[in-house]
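[1] Give me a 3D structure for the following:
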Amino acid sequence: MYAVEFQAKIKDGTIEIPEVYRHRFKERVRVILLAEEESTTVNLIDHLLQHPLKVAGFKPFARDELYERS
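    Alright, predicted model coming up:
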């Protein structure tokens, strides 16, 4: 059995075999499809960038305040 791996997009229910492999696959083939799973977890940083927290009375530090040493 000869096996190859490549990524492809399905167009109208058809997967096109890359030209370099076509000479090997002329008759019947065994097909196994592996689809990328969509991420169900939300990246916290991305979420916070899209939905910033609003805190009453919050005032960001000025640049010189950030580097002040007590």
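[2] what about the chain, any weak spots by pLDDT?
    Along the chain, segments meeting pLDDT under 70 span 70.
[3] for it, what spans make up the helices?
    With helices called from DSSP state H, the chain shows them at 44-50, 63-66.
[4] helices or strands next to the last one in the packing?
    Contact analysis of helix 63-66 by 3 or more CB pairs under 8 Å, 6 or more residues apart in numbering; DSSP states H and E lists no helix or strand as a packing neighbour. Placement of C-beta: from N, CA and C, glycine included.
[5] how distant is it from the center of its chain?
    37 Å (CA atoms, centre = their mean, to the nearest Å).
[6] Make residue 1 into 374 and carry on from there
    Got it, the first residue is 374 from now on, which makes the last one we talked about helix 436-439.
[7] Could you pull out the buried residues of that helix?
    Under the neighbour-count criterion of 16 or more other CB atoms under 10 Å, helix 436-439 has nothing buried.
[8] ok, residues contacting stretch 391-411?
    Residues outside stretch 391-411 that contact it (CB atoms under 8 Å, 6 or more residues apart in numbering) are 374-375, 377, 379, 381, 390.
[9] Tabulate those (a markdown table), appending neighbour count and distance to Glu409.
    Putting the contacts of stretch 391-411 into a markdown table (neighbours: other CB atoms under 10 Å; distance: CB to CB, whole Å) gives the following:
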| residue | neighbour count | distance to Glu409 |
| --- | --- | --- |
| Met374 | 4 | 25 |
| Tyr375 | 7 | 25 |
| Val377 | 10 | 19 |
| Phe379 | 10 | 14 |
| Ala381 | 11 | 12 |
| Ile390 | 14 | 20 |
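[10] Which single one of those residues is nearest to Leu421?
    Using CB to CB, Ala381 comes nearest to Leu421 of the contacts of stretch 391-411, at 35.8 Å.
[11] burial of the residue lying closest to the closest one once chain neighbours are set aside, as a residue count?
    Distances taken as CB to CB, 6 or more residues apart in numbering put Ile388 closest to Ala381, at 4.9 Å, once the chain neighbours are dropped. Counted with other CB atoms under 10 Å, residues neighbouring Ile388 total 11.
[12] Verify the contact between Ile388 and Phe379 for me.
    No. Using CB atoms under 8 Å, Ile388 makes no contact with Phe379, being 9.3 Å away.
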